[in-house]
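# Can you look at this prediction? I've put the sequence above it.
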Amino acid sequence: MKKRNGLALSLFLAAGTLLAGCGGGNNDEGAGSEGGKEAADEQFTVAMVTDVGGVDDKSFNQSAWEGLQAFGEENGLEKGTDGYDYSQSQSDADYVTNLNTLARKNFDLIYGIGYLLQPAVEEIAEQQKDTHFAIVDSVVEKPNVASITFKEHQGSYLVGVVAGLTTKTNKVGFVGGVEGDLIKKFEVGFVEGVKAVNPDATVDVQYAGAFDAADKGKAIASSMYGSGTDIIYHAAGGTGNGVFSEAIDLKVQDPDRELWVIGVDKDQHEEGNGKTKDGEEFNITLTSMVKRVDVAVQDLSEKAKAGEFPGGEVIEYGIEEEAIGISPSDEHLSEEVKAKVKEYEEKIVNGEIEVPTK
């Protein structure tokens, strides 16, 4: 399979509204061709299947949906089978069914959001060879599938720098969803970033075993904060909502206590909002590792609409493509911390630091 980096994201919207659509469910020339059906006759349509976290997980599923909504607005499309849509998965068993249903509705491009959908995308792409598919956070080696991956370890390193410089207890935590190669990139990058600026800090790593179990996230966070951890970085999808919930509850009980959550995938500043018993507002989101799934989804959708679907390719997005970084919400970060983040970001981009993935 050919591999390439994502193009500069500042350019990705330039061609989409001017060129013809790509091949979809009715493509007589095959999914890997540049021909496809005529855009003048049929409107380009696109849809996505969520993983079990759901479209409102305040994480990467939601970010992907926001990307599709932005694509739809940019191109004058409406939600539904004639424009853009999504299917929500309640369990792993829904993945194949949802993908097949969308394919039978003749969507031109169908996304599987998250590596958990990799087997299902592979299966349905083999059956529906005239439909274009895309997988996020995994790789499917088929000519009618584009694979979108990210350099999450880079962004996780940067929030590790933030945590290492901000902790007062020298105890920080990492809460993962399901343990595997993908989330390991978040964990390893975070630990490396913490240790780079604070060798004395310890990192407590725990996995919930699920991306949709807020109760487990809350329980793990309770244990970590109870042992003296003052900053937790989560890479756990909907499970991470429980981490925020526990931090807010503890802050309500003791408004003077300094504890933080580092969000993931999108700017999770709002998830850290709370109020004390006296009605005083507070926020416990230190920063977030932003993974612009929305930008990648919008970028690839524009390419596909323009007849440039990168079937059989892996497109990788990182700091250089402005798809990985820390959130713009930086009210809790000192100028020293922000300067250090910038310094390490530049070192990663110029190759001085190569962040490990495992």
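That came through, no problem. Small disclaimer: the values here were computed from a predicted structure and weren't measured. Numbering: from 1, shown residues only.
# Do you have the helices of this structure handy? List them.
Assigned by DSSP state H, the chain shows helices spanning 60-74, 94-104, 118-127, 152-166, 181-197, 214-226, 240-253, 293-305, 335-349.
# Of those helices, give the one that comes closest to Ile110.
Nearest to Ile110 among the helices of the chain is helix 94-104 (4.9 Å), distances taken as CB to CB. Placement of C-beta: from N, CA and C, glycine included.
# in the closest one, what counts as buried?
94-96, 98-103 (16 or more other CB atoms under 10 Å).
# Compare the helices of the chain and give me the one nearest Thr276.
Per CB to CB, nearest to Thr276 of these: helix 240-253, 6.0 Å.
# Give me the mean pLDDT for the closest one.
Across helix 240-253, pLDDT averages out at 98.
# list the buried ones in it?
Buried, per 16+ other CB under 10 Å, within helix 240-253: 240-248, 250-251.
# cool, stretch 305-324 as well?
For stretch 305-324, by 16+ other CB under 10 Å, it's 305-307, 309-321, 323-324.
# Same check on stretch 193-200?
Buried, per 16+ other CB under 10 Å, within stretch 193-200: 193-198.
# Just the closest of those residues to Ser222, please.
Nearest to Ser222 among the buried residues of stretch 193-200, with distances taken as CB to CB, is Val194, at 21.5 Å.
# Val49 versus the residue lying closest to Gly240 once chain neighbours are set aside, what's the distance?
Closest residue to Gly240 apart from its sequence neighbours, by CB to CB, 6 or more residues apart in numbering: His234 at 3.7 Å. Going from His234 to Val49 by CB to CB, to the nearest Å gives 24 Å.
# Isn't Ile353 up against Lys347?
Yes: the criterion here is CB atoms under 8 Å, and Ile353 meets it with Lys347 at 4.4 Å.
# Among the buried residues of helix 240-253, find me the one that's closest to Asp215.
Nearest to Asp215 among the buried residues of helix 240-253 is Gly242, at 6.0 Å by CB to CB.
# list the contacts for Leu68?
46-48, 84, 86, 111, 297-298, 301 (CB atoms under 8 Å, 6 or more residues apart in numbering).
# same deal with Tyr86?
Taking CB under 8 Å, 6+ apart as the test, what Tyr86 contacts is 47-50, 55, 65, 68.
# repeat for Gly238
Gly238 neighbours (CB under 8 Å, 6+ apart): 53-54, 57-59, 211-214.
# Can you select the buried ones from these in ChimeraX?
For the buried members of these, the matching ChimeraX selection, counting by 16+ other CB under 10 Å, is:
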select :53,54,57,58,59,211,212,213,214
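# any low-confidence regions in the stretch 1-150 of the chain?
Where the stretch 1-150 of the chain drops to pLDDT under 70, the residues are 1-41.
# rerun at 90
For the stretch 1-150 of the chain, the stretches with pLDDT under 90 are 1-42, 53-54, 56-60.
# can you pull out the strands in it?
2-5, 46-49, 84-87, 109-113, 132-136, 145-150 (DSSP state E, counting those that start in this stretch).
# And the fourth one, what does it pack against?
So that's strand 109-113. strand 46-49, helix 60-74, helix 94-104, helix 118-127, strand 132-136, helix 293-305 (3 or more CB pairs under 8 Å, 6 or more residues apart in numbering; DSSP states H and E).
# Turn these into JSON lines, columns for distance to Ser334.
Formatted as JSON lines, these follow (distance: least, CB to CB, whole Å):
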{"stretch": "strand 46-49", "distance to Ser334": "39"}
{"stretch": "helix 60-74", "distance to Ser334": "28"}
{"stretch": "helix 94-104", "distance to Ser334": "44"}
{"stretch": "helix 118-127", "distance to Ser334": "41"}
{"stretch": "strand 132-136", "distance to Ser334": "34"}
{"stretch": "helix 293-305", "distance to Ser334": "28"}
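# of those, which approaches Asp278 most closely?
helix 60-74 (32.1 Å).
# Put the alpha carbons of the closest one into CSV.
Extracted C-alpha coordinates of helix 60-74, given in CSV (Å, rounded to 0.1, in the frame of the first residue of the first chain):
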residue,chain,number,x,y,z
PHE,A,60,-13.4,11.9,17.9
ASN,A,61,-16.8,10.6,16.7
GLN,A,62,-18.3,14.0,17.4
SER,A,63,-15.3,15.7,15.7
ALA,A,64,-15.8,13.5,12.6
TRP,A,65,-19.5,14.4,12.5
GLU,A,66,-18.6,18.1,12.8
GLY,A,67,-16.3,17.6,9.8
LEU,A,68,-19.1,16.1,7.7
GLN,A,69,-21.5,18.9,8.8
ALA,A,70,-18.9,21.5,7.7
PHE,A,71,-18.4,19.7,4.4
GLY,A,72,-22.2,19.6,3.9
GLU,A,73,-22.5,23.3,4.7
GLU,A,74,-19.6,24.2,2.4
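# Would you mark the buried spots in that helix?
Buried, per 16+ other CB under 10 Å, within helix 60-74: 60-72.
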